[in-house]
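K.L.:
Would you be able to build a 3D model of this:
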Amino acid sequence: MKVYGPYISKSDPGRPRRFVMIYYDDGSRKTTSYARFLMEQHLGRNLTADEEVDHIDDDQMNDDLTNLQVLTPLANQQKRAAQAWVTFTCPICFNPARRTASRIRHNRKQGKAGPFCGKSCARRYQLQQV
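P.N.:
Numbering: from 1, shown residues only. Got it, this is the predicted structure:
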């Protein structure tokens with residue numbers, strides 16, 4: 001077995017991830033996430049279909065073993081659903097609104113203004129800037 005990588009995925013520039021390519025002696029090959037590969041090597045076994053590798057700090061590029069944990073798909077989904085919510089006042093219509101903290105951070109990284117309560121207020125802000 002030969003392992004090539006880790007390589008950085010270019011399929012989603014906003015959320016880069018590392019992956020490795022594994023070439024087996026029988027000529028077959030497999031591409032998998034670097035985090036999953038590291039966890040399989042650490043545990044000394046292949047992970048089952050009912051196991052996912054989760055990044056504890058949600059940074060997909062932090063593949064340190066202390067940052068990785070094995071979760072069931074259901075537990076991983078529940079972790080994502082329990083994201084921190086932020087309540088704020090829309091700067092355009094002054095109505096209270098709620099968004100996930102990760103969405104607000106993502107928009108700030110993109111250089112977008114806000115947060116706004118919805119698309120209509122974001123558009124009104126955009127028209128005011130012209």
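K.L.:
Might you list the low-confidence residue ranges for this structure?
P.N.:
Low-confidence segments of the chain, defined by pLDDT under 70: 82-83.
K.L.:
can you list the domains in it?
P.N.:
Per automatic domain parsing, the structural domains of the chain span 2-81, 85-128.
K.L.:
Please render these as TSV that adds mean neighbour count to the earlier fields.
P.N.:
Yep, even glycine has a C-beta here, placed from its N, CA and C like the rest. Below are the domains of the chain laid out as TSV (neighbours: other CB atoms under 10 Å):
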stretch	mean neighbour count
domain 2-81	13
domain 85-128	13
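K.L.:
Can you give me the distance of residue 101 to residue 52?
P.N.:
22 Å (CB to CB, to the nearest Å).
K.L.:
Show me where this protein has its strands.
P.N.:
Shown for the chain, the strands assigned by DSSP state E span residues 2-8, 18-23, 29-33, 52-55, 68-71, 85-89, 96-100.
K.L.:
Using JSON lines, lay out those together with distance to residue 115.
P.N.:
Below are the strands of the chain laid out as JSON lines (distance: least, CB to CB, whole Å):
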{"stretch": "strand 2-8", "distance to residue 115": "29"}
{"stretch": "strand 18-23", "distance to residue 115": "30"}
{"stretch": "strand 29-33", "distance to residue 115": "31"}
{"stretch": "strand 52-55", "distance to residue 115": "25"}
{"stretch": "strand 68-71", "distance to residue 115": "30"}
{"stretch": "strand 85-89", "distance to residue 115": "6"}
{"stretch": "strand 96-100", "distance to residue 115": "6"}
